[in-house]
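just to be clear, the model below is a prediction. Sequence and coordinates:
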Amino acid sequence: MRASELRTQDVEELLSQLNDCYRELFNLRFQKVTGKLTNTARPRQVRRDIARIKTILRERELAEAEQVEDI
């Protein structure tokens, strides 16, 4: 997932994707514990995707707050 792709999405889509990433991370952790995790790099990728989504959401939140202050 690229940040440029995420920036084109609205907040609801980002929150939905964030929720999906958290679910996937939970499932990956479960697979790791049970010994069935085949792609060991995937949890790191998912954690980074979560960070990207949260960063973009925070940027939008700050931009919105800045606009309110300007009024």
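Everything's here; your move. Since the model is a prediction, treat every value here as computed from it, not as a measurement.

switch to C-alpha atoms for all contacts and neighbour counts from now on
Noted.

quick check: buried residues in the lengthiest helix in the chain?
Counting by DSSP state H, the longest helix found in the chain is helix 42-70. In terms of neighbour count (16 or more other C-alpha atoms under 10 Å), helix 42-70 has its buried residues at 43, 46, 49, 50, 52, 53, 56, 57.

what is that helix packed up against?
Secondary-structure packing of helix 42-70 (3 or more C-alpha pairs under 8 Å, 6 or more residues apart in numbering; DSSP states H and E): helix 3-7, helix 11-34.

nearest to residue 8, of the buried residues of helix 42-70?
Nearest to residue 8, judged by C-alpha to C-alpha, of the buried residues of helix 42-70 is residue 56 at 10.4 Å.

what is the burial count for the closest residue to the closest one other than its chain neighbours?
Nearest residue to residue 56, sequence neighbours excluded (C-alpha to C-alpha, 6 or more residues apart in numbering): residue 7, at 6.9 Å. Other residues near residue 7 come to 15 when the count uses other C-alpha atoms under 10 Å.

so residue 7 is in contact with residue 58, correct?
No - if you go by C-alpha atoms under 8 Å, residue 7 and residue 58 don't touch, sitting 11.7 Å apart.

gap between stretch 14-26 and the chain center?
Relative to the centre of its chain, stretch 14-26 is centred 7 Å away, using C-alpha atoms, centre = their mean, to the nearest Å.

alpha carbons of it, as CSV, please.
In CSV, the C-alpha atoms belonging to stretch 14-26 read as follows (Å, rounded to 0.1, in the frame of the first residue of the first chain):
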residue,chain,number,x,y,z
LEU,A,14,-9.2,4.7,5.6
LEU,A,15,-10.9,3.7,8.8
SER,A,16,-12.3,0.6,7.1
GLN,A,17,-8.8,-0.3,5.8
LEU,A,18,-7.3,0.4,9.3
ASN,A,19,-9.8,-2.0,10.8
ASP,A,20,-9.0,-4.7,8.2
CYS,A,21,-5.3,-4.3,8.8
TYR,A,22,-5.8,-4.7,12.6
ARG,A,23,-7.8,-7.9,11.9
GLU,A,24,-5.1,-9.2,9.5
LEU,A,25,-2.4,-8.5,12.1
PHE,A,26,-4.3,-10.3,14.8
